[in-house]
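> Fold the stuff below for me.
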Amino acid sequence: MEFEDEVTININETVIVVSPTASPTIENIDAAEETHQFDADAALLLNITLILCTLLAYYVKKYKFYFLPESGVAILVGIFIGGVARLTVTDLTLFSFSPELFFFILLPPIIFEAGYSLEKQKFFENIGAITFYAFGGTIISAFVVGMLTYWSGQAGLIDIDKNNPMEALLFGALISAVDPVATLSIMGSPELQCDNLLYSLVFGESVLNDAVAIVLFKTFHKYYDPEGPAWSRAVIPKALLSFGERTANAMNEKMCDILLISQLIFMSVSMTSIMYINISLPSIVALGLLVSYMYKHTTLSDFPKLEGGLLFLFCYACYATAEAVQLSGIMALFFNGIVLSHYNSYNLSNTAQVSTEQFFATFASITETIVFLYMGMEVFTRSFKKYDIVFALLGLLFCLIARALNIFPISFLANCCRQKGVNKIPVKMQCVLWFAGLRGAIAFALSMNLPGPHSDTYAAVTLFICIFTTVVCGSLTEKILTYFGMRQGVDVGTGSDDHYSLGIEDIVTVDLPLARRMSDSIHDKYKSFWRNLDENYMQELFGGASQSHGIRSGQYELSDQNDGDEDDF
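Alright, predicted model coming up:
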């Protein structure tokens with residue numbers, strides 16, 4: 001039945017007006033078919049592009065074209081596709097980078113697979129230095145880049161907000177996110193045979209520092225209102241009071257001094273970041289243990305399809321849960337992958353063990369390619385109102401300066417607690433660490449959420465830095481690793497001074513016996529305690545190598561430490 005007019009129904013003096021249901025017209029049907037056809041064409045183009053990138057990656061690996069990494073190939077292909085789309089397509093929605101699509105669809109499988117396949121022994125042996133780089137290094141970098149950018153604006157070199165430093169600090173926070181996707185794509189390439197210690201430090205920092213960078217970004221974003229009243233010293237006390245009384249008591253009448261402001265925010269955000277991670281980790285580990293317990297004490301292994309599917313869903317549930325409660329989904333998924341790999345992988349059937357590992361690796365590879373494709377397409381598909389080449393070059397220079405100011409001092413402190421000649425971080429490795437600060441999709445996704453009238457300029461500069469570090473620096477990675485002797489098969493810790501040092505190791509490295517003895521004592525006690533707890537209690541409840549007769553070798557187990565006296569700092 002089709003209504004021609006509105007029908008009025010009176011029920012107990014309550015008037016209900018029922019509007020007629022509009023019948024689909026020929027024009028609506030044609031528009032829907034046109035939209036469907038456009039989506040189908042775009043999906044076909046994306047699939048063809050992915051096939052092309054996969055084939056190009058095959059030839060890069062086969063013929064060892066180290067001068068152009070796979071991620072660089074995907075970005076260049078994306079730039080070409082974006083240029084063609086700009087000239088031939090009117091609606092560029094499907095060709096544009098979506099931050100939400102990136103964070104909730106493309107990023108999770110990459111991070112989980114990285115944690116699931118991580119060489120855990122090296123990672124946890126260096127967890128102290130990694131944490132130092134991730135926390136202290138990211139905060140230093142954010143403030144150095146932010147303040148250099150702000151002062152450049154005040155000097156008239158670039159067109160940004162010259163009165164409010166919070167806008168520049170937002171940029172400093174987002175550009176300090178060393179991207180784990182780019183790091184995995186380039187430094188994690190098996191063909192490069194990157195030194196294990198170097199890769200553990202670079203990748204560990206890139207995963208953990210995103211949590212700090214996002215906390216910084218959200219903190220500055222909360223207290224930046226480009227359309228509100230002019231920025232004043234009153235903004236800073238409000239920010240500091242929300243982080244604790246200790247910082248609030250440190251304020252004084254000279255609040256307008258930008259250096260003092262930076263110091264105060266630096267302390268408050270540092271405490272906030274630490275609290276943020278301390279809340280995250282227990283809940284992350286608890287979720288991974290809960291999943292492992294369920295798998296161990298049920299017969300899910302009798303149904304490989306179900307156990308594999310549930311594992312996939314639990315991974316996304318972990319990420320979504322962390323994001324929903326305002327925690328770091330990246331760090332949650334990474335450590336959840338470590339826990340599930342250490343315990344739950346041994347609860348799976350032999351079929352599921354192989355299929356899940358291959359599925360996660362394949363899915364991560366595809367989504368990684370899509371990420372770099374879309375970053376390349378953004379060069380043409382996003383309508384940047386202004387490309388500021390001076391700001392782009394200055395921003396790149398500020399990133400290099402900021403990374404040097406955090407890598408070398410933090411490496412010096414870390415070496416004070418390491419045994420000389422055993423697991424020190426050599427100066428040459430520090431140089432590679434400085435060079436390996438790759439920026440990627442995470443920084444660009446944050447830049448698209450930047451408020452203010454200059455957001456478009458910041459997004460363009462961020463995209464330039466991301467593409468430059470991925471394509472140019474990524475292309476030089478093989479040569480840098482070879483030049484500095486950071487390839488596998490080279491014993492970095494015990495090599496001769498001529499081969500591993502720049503001749504200044506003894507000058508920049510200080511051996512502090514007391515600090516080293518304290519570090520050794522803590523490491524030995526932790527190692528013994530953890531091995532006993534893990535083998536005698538945890539694996540009994542949640543599964544593990546000692547409880548399994550499966551096919552996994554267990555060579556990367558958390559409790560499988562070598563017999564050397566290496567420090568965990």
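> shaky segments in the stretch 1-150 of the chain?
1-24, 27 (pLDDT under 70).
> rerun at 50
For the stretch 1-150 of the chain, residues meeting the criterion pLDDT under 50 lie at 1-4, 6-7, 9, 11, 14, 18.
> Can you show me the helices along it?
In the stretch 1-150 of the chain, the helices defined using DSSP state H, counting those that start in this stretch lie at 26-62, 70-88, 99-101, 107-116, 120-125, 127-132, 138-154.
> For the stretch 401-550 of the chain, just list every one of the helices.
Going by DSSP H, counting those that start in this stretch, the stretch 401-550 of the chain shows helices at 427-435, 441-447, 455-467, 474-483, 497-500, 505-508, 513-533, 539-542.
> Ranked by average pLDDT, which of those falls at the bottom?
Within those, confidence is poorest for helix 497-500, with a mean of 42 (mean pLDDT).
> which residues does residue 113 contact?
Shown in contact with residue 113 (Cβ atoms under 8 Å, 6 or more residues apart in numbering): 337, 360, 361, 363, 364. Quick note: C-beta positions are derived from backbone N, CA and C, even for glycine.
> can we see that at 7 Å?
Counting by Cβ atoms under 7 Å, 6 or more residues apart in numbering, residue 113 touches 360, 361, 364.
> The last one touches residue 108, doesn't it?
The reference is to residue 364. No: between residue 364 and residue 108 there is no contact under Cβ atoms under 7 Å: 9.4 Å.
> Double-check that residue 167 belongs to a helix.
Yes: with DSSP: H, G, I helix; E, B strand; the rest coil as the criterion, residue 167 is part of a helix.
> Kindly list the main-chain dihedrals of the nearest residue to it once chain neighbours are set aside?
In space, and not counting its chain neighbours, residue 167 is closest to residue 161: 4.4 Å by Cβ to Cβ, 6 or more residues apart in numbering. Backbone geometry at residue 161, expressed as degrees, to the nearest 10, gives phi -70, psi 110.
> What about residue 161, how many residues nearby?
Residues near residue 161, counting by other Cβ atoms under 10 Å, number 18.
> How about residue 35?
Residue 35: 11 neighbours (other Cβ under 10 Å).
> ok, now residue 31?
11.
> Would you mind measuring from it to residue 435?
Remark: distance between residue 31 and residue 435 (Cβ to Cβ, to the nearest Å) = 52 Å.
> do residue 413 as well
Distance from residue 413 to residue 435, by Cβ to Cβ: 20 Å.
> These two: which has the busier surroundings?
Neighbour tally, residue 413 and residue 435, criterion other Cβ under 10 Å: the higher count belongs to residue 435, 19 against 16.
> Please identify the helix or strand for the nearest residue to residue 80 once chain neighbours are set aside.
When the adjacent residues along the chain are set aside, residue 80 lies closest to residue 376, with 7.8 Å between them (Cβ to Cβ, 6+ apart). Using DSSP states H and E, residue 376 falls within helix 350-381.
> what secondary structure does the residue nearest to residue 456 when sequence neighbours are not counted sit in?
Leaving aside its sequence neighbours, residue 456 sits nearest to residue 385 (Cβ to Cβ, 6+ apart; 4.9 Å). Secondary structure of residue 385, reduced to three states by three-state DSSP: coil.
> before we move on, the earlier item: and the helix holding residue 376 with helix 455-467, angle?
130 degrees (axes from the mean of the first three to the mean of the last three Cα atoms, to 10 degrees).
> Any buried residues in helix 350-381, and which?
Residues of helix 350-381 classed as buried: 352-353, 355-357, 359-360, 363-365, 367-381 (neighbour count, 16 or more other Cβ atoms under 10 Å).
> Number of residues surrounding the residue nearest to residue 65 when sequence neighbours are not counted?
Spatial nearest neighbour of residue 65, chain neighbours left out: residue 59 (7.2 Å); criterion: Cβ to Cβ, 6+ apart. Neighbours of residue 59 under the rule other Cβ under 10 Å: 11.
> ok, which stretches of the stretch 201-350 of the chain are helices?
235-241, 245-249, 258-296, 304-324, 329-342, 350-381.
> lowest-confidence stretch among these?
Among those, helix 245-249 has the lowest mean pLDDT, at a mean of 36.
> Show residues contacting stretch 148-165.
Looking at what lies outside stretch 148-165 - Cβ under 7 Å, 6+ apart - the contacts are 167-168, 171-172, 230-231, 258, 388, 390-391, 394, 398, 452, 454, 457.
> nope, stretch 379-393 is what I was after
By Cβ under 7 Å, 6+ apart, stretch 379-393 touches 79, 82-83, 85-86, 92, 95-96, 157-159, 456-457, 459-461, 463-464.
> Buried ones among those residues?
If we count by 16+ other Cβ under 10 Å, these have these buried: 79, 82, 85-86, 92, 95-96, 158, 456-457, 459-461, 463-464.
> Tell me which two of these sit farthest apart.
Maximum pairwise distance in the buried ones among the contacts of stretch 379-393, criterion Cβ to Cβ, is 30.1 Å, between 85 and 158.
> so who does residue 60 touch?
Contact analysis of residue 60 by Cβ under 7 Å, 6+ apart lists 68, 70, 73.
> one step back: between helix 70-88 and the helix holding residue 376, find me the angle.
50 degrees.
> show me what contacts the nearest residue to residue 467 once chain neighbours are set aside?
Once flanking residues are discounted, residue 467 sits nearest to residue 75: 5.9 Å by Cβ to Cβ, 6+ apart. Going by Cβ under 7 Å, 6+ apart, residue 75 touches 372, 375, 376, 467, 470, 471.
> what's the distance between residue 291 and residue 132?
Distance from residue 291 to residue 132, by Cβ to Cβ: 31 Å.
> Likewise for residue 545?
30 Å.
> what's the answer for residue 313, then?
Distance from residue 313 to residue 132, by Cβ to Cβ: 35 Å.
> Give me the more crowded residue out of these two.
Taking other Cβ under 10 Å, residue 313 and residue 132 do not tie; residue 132 has more neighbours (20 against 10).
> And for the closest residue in space to the more buried one that isn't next to it in sequence, the neighbour number?
Nearest non-adjacent residue to residue 132, counting by Cβ to Cβ, 6+ apart: residue 410, 5.0 Å away. Other residues near residue 410 come to 22 when the count uses other Cβ under 10 Å.
> which residues touch residue 410?
The contact partners of residue 410, taken as Cβ under 7 Å, 6+ apart, are 132, 133, 136, 137.
> and which of these is nearest residue 50?
Of those, the one sitting nearest to residue 50 (Cβ to Cβ) turns out to be residue 133, at 33.6 Å.
> Excluding sequence neighbours, find me the nearest residue to that closest one.
In space, and not counting its chain neighbours, residue 133 is closest to residue 205: 4.1 Å by Cβ to Cβ, 6+ apart.
> The one you found and residue 131 touch, don't they?
No: counting by Cβ under 7 Å, residue 205 stays clear of residue 131, with 8.9 Å between them.
> neighbour-wise, which of the two wins?
Counting neighbours by other Cβ under 10 Å for residue 205 and for residue 131 shows that residue 205 has the greater number, 29 against 19.
> Just the pLDDT for residue 221.
Note on residue 221: pLDDT of 82.
> what does residue 393 give?
94.
> Tally up the residues packed near it, please.
14.
> Then residue 408?
15.
> Can you name the residues that contact it?
Residue 408 makes contact with residue 430, according to Cβ under 7 Å, 6+ apart.
> Next one: it from residue 436, what distance?
Using Cβ to Cβ, residue 408 is found at 14 Å from residue 436.
> Ok, residue 74 next?
Taking Cβ to Cβ, one finds residue 74 at 19 Å from residue 436.
> same deal with residue 51?
30 Å.
> more crowded one of these two?
residue 436 (29 against 10).
> Neighbours of the nearest residue to that one once chain neighbours are set aside, how many?
In this structure, residue 436 finds its nearest non-sequential neighbour in residue 202, 4.9 Å apart by Cβ to Cβ, 6+ apart. For residue 202, the count of nearby residues is 27 (other Cβ under 10 Å).
> Done for today, thanks.
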